[in-house]
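Trainee: can you look at this prediction? I've put the sequence above it.
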2 protein chains.
Amino acid sequence: MNYCSDCGATVSLKIPEHDDRLRFVCDACGVIHYQNPKIVAGALPVWGEQVLLCRRAIAPRYGLWTLPAGFMENGETTDQAAAREAREEANASLRDLRLYTVISIPHINQVYMLYRCELVSDDFSPGVESLETRLFHEHEIPWGELAFPSVRKTLECFFSDRKLGAFSVHNLGFVIPKPAA
Amino acid sequence: MNYCSDCGATVSLKIPEHDDRLRFVCDACGVIHYQNPKIVAGALPVWGEQVLLCRRAIAPRYGLWTLPAGFMENGETTDQAAAREAREEANASLRDLRLYTVISIPHINQVYMLYRCELVSDDFSPGVESLETRLFHEHEIPWGELAFPSVRKTLECFFSDRKLGAFSVHNLGFVIPKPAA
């Protein structure tokens, strides 16, 4: 950030009064431009014993497999965002969405919120951001070609919970340990 | 938003190519400025049979009671954000944080994520954003003086679940119905 989006003047990084962290503050009008984490909403669509994955047609991780997911938009709920992403990336309709994994990734300022759900039908196909969409049995999952750690973790939770016969919400953080002093 | 935060030129609202909604796009450098919902992280701190509420010393809803909560910051996890808010607003230390309510409020582009947790001790006091901090038994809750519907809903879930003896994660959205045509 270089310029104030309100008045167009330059901004400086400083700690505002009554605050304890650096913010971009306008040099002219004084407005503080807060920056906050983004939600990545998505789905783990299930069809019988199989789950739906999409092969990415866009950067980053072009060509790797992912669950349909993307940045939540203003004006929608988290489950609406998950359903929209499945529509956009896989032309898939979902039902029975239940919040399943909530994964903070603080070093990139993202929080994943992924919903376990049922596919309404096996009528799906790649959207513009996908090269391929496919159902996978557990033994077919391309573990070495998954796009993101959050996708891997969510699939691991799912197959583990399914064996136990009990699903719960998993909330975790991918925190990179600080190097030893 | 009036000016591009990258280059300082003016921005216009338009639908970018391959997109389906209005965005602020820079008239000079073409950068698209996406705007996304914010996470409000907070806590429902429990001490024996009682829960901790804070009376707000700031707008909006000055003087009304709330759970300690606020905007999640970059570089933290959702549970770290909840613990920080309890520290800032009530000088309270928490333990055993478990994700409890996830509430989308699409008309103000917020997602509440509130954690059920234990107070480490009954040593707490108002932070600068609170007029008062107090423990409440269920029959003492000031239902008519709560600051936000998300706080009311979370307390209702808690006392209801506690009677049942079973807590689960509650995911919901406060969607304002569209007026009939």
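Mentor: Received the coordinates, thanks.
Trainee: switch to C-alpha atoms for all contacts and neighbour counts from now on
Mentor: Will do.
Trainee: quick check: domain ranges of chain A?
Mentor: The domain map for chain A lists A:1-35, A:38-172, with the assignment taken from automatic domain parsing.
Trainee: ranges for the strands of chain A?
Mentor: Counting by DSSP state E, chain A has strands at residues A:11-14, A:23-26, A:32-33, A:38-47, A:50-56, A:65-66, A:69-71, A:94-105, A:110-119, A:130-136, A:170-173.
Trainee: identify the residues contacting the residue nearest to the spatial centre of chain A.
Mentor: Compute the mean C-alpha point of chain A, and by Cα atoms, centre = their mean the closest residue is A:V40, 2.9 Å away. With contact taken as Cα atoms under 8 Å, 6 or more residues apart in numbering or on different chains, A:V40 is in contact with A:A69, A:G70, A:F71, A:M72, A:Q110, A:V111, A:Y112, A:M113.
Trainee: with respect to chain B, which of these is nearest?
Mentor: Distance to chain B, by Cα to the nearest Cα, is smallest for A:M72 among the contacts of A:V40, at 6.5 Å.
Trainee: how about the contacts of A:V40 in TSV, adding pLDDT?
Mentor: As requested, the contacts of A:V40 are arranged in TSV below (pLDDT from 0 to 100):
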residue	pLDDT
A:A69	98
A:G70	98
A:F71	98
A:M72	98
A:Q110	98
A:V111	98
A:Y112	98
A:M113	98
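Trainee: what is the nearest of these to B:C26?
Mentor: Here the nearest of those to B:C26, counting by Cα to Cα, is A:F71; it sits at 20.6 Å.
Trainee: give me the local confidence score for A:A181.
Mentor: For A:A181, the model assigns a pLDDT of 65.
Trainee: if you could redo that for A:R98, that was the one I meant.
Mentor: In the predicted model, A:R98 carries a pLDDT score of 98.
Trainee: if we can go back for a sec, redo the contacts of A:V40 as a markdown table? Include neighbour count.
Mentor: Rendered in a markdown table, the data for the contacts of A:V40 read as follows (neighbours: other Cα atoms under 10 Å in any protein chain shown):
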| residue | neighbour count |
| --- | --- |
| A:A69 | 25 |
| A:G70 | 21 |
| A:F71 | 21 |
| A:M72 | 27 |
| A:Q110 | 21 |
| A:V111 | 26 |
| A:Y112 | 24 |
| A:M113 | 26 |
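Trainee: who are the packing partners of the helix ranked longest in chain A?
Mentor: The helix of greatest length in chain A, counted in residues with DSSP state H as the criterion, is given as helix A:149-164. Helix A:149-164 makes packing contacts with no helix or strand when contacts are defined by 3 or more Cα pairs under 8 Å, 6 or more residues apart in numbering or on different chains; DSSP states H and E.
Trainee: what about it, average pLDDT?
Mentor: Here the average pLDDT along helix A:149-164 is 98.
Trainee: name the residues of chain A found near chain B, please.
Mentor: The interface of chain A toward chain B, taken as Cα under 8 Å from any Cα of the partner chain, is made up of A:1-9, A:35-39, A:71-78, A:99, A:104-109, A:111, A:169, A:171, A:173.
Trainee: quick one, which of those are buried?
Mentor: Members of the residues of chain A next to chain B that pass the buried threshold by neighbour count (16 or more other Cα atoms under 10 Å in any protein chain shown) are listed as A:2-5, A:7-9, A:36-39, A:71-78, A:99, A:104-106, A:109, A:111, A:169, A:171, A:173.
Trainee: hey, C-alpha coordinates of the longest helix of chain A in PDB?
Mentor: Coordinates of each C-alpha in helix A:149-164 appear next as PDB, following Å, rounded to 0.1, in the frame of the first residue of the first chain:
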ATOM      1  CA  PRO A 149      -1.700 -28.500   3.000                       C
ATOM      2  CA  SER A 150      -5.300 -27.400   4.000                       C
ATOM      3  CA  VAL A 151      -6.700 -29.700   1.400                       C
ATOM      4  CA  ARG A 152      -4.500 -32.600   2.500                       C
ATOM      5  CA  LYS A 153      -5.400 -32.100   6.100                       C
ATOM      6  CA  THR A 154      -9.200 -31.900   5.400                       C
ATOM      7  CA  LEU A 155      -9.000 -35.200   3.400                       C
ATOM      8  CA  GLU A 156      -7.000 -36.900   6.200                       C
ATOM      9  CA  CYS A 157      -9.600 -35.800   8.700                       C
ATOM     10  CA  PHE A 158     -12.400 -37.000   6.500                       C
ATOM     11  CA  PHE A 159     -11.100 -40.500   5.900                       C
ATOM     12  CA  SER A 160     -10.100 -40.900   9.500                       C
ATOM     13  CA  ASP A 161     -13.500 -39.700  10.800                       C
ATOM     14  CA  ARG A 162     -15.300 -41.900   8.300                       C
ATOM     15  CA  LYS A 163     -13.500 -45.000   9.700                       C
ATOM     16  CA  LEU A 164     -14.500 -44.000  13.200                       C
END
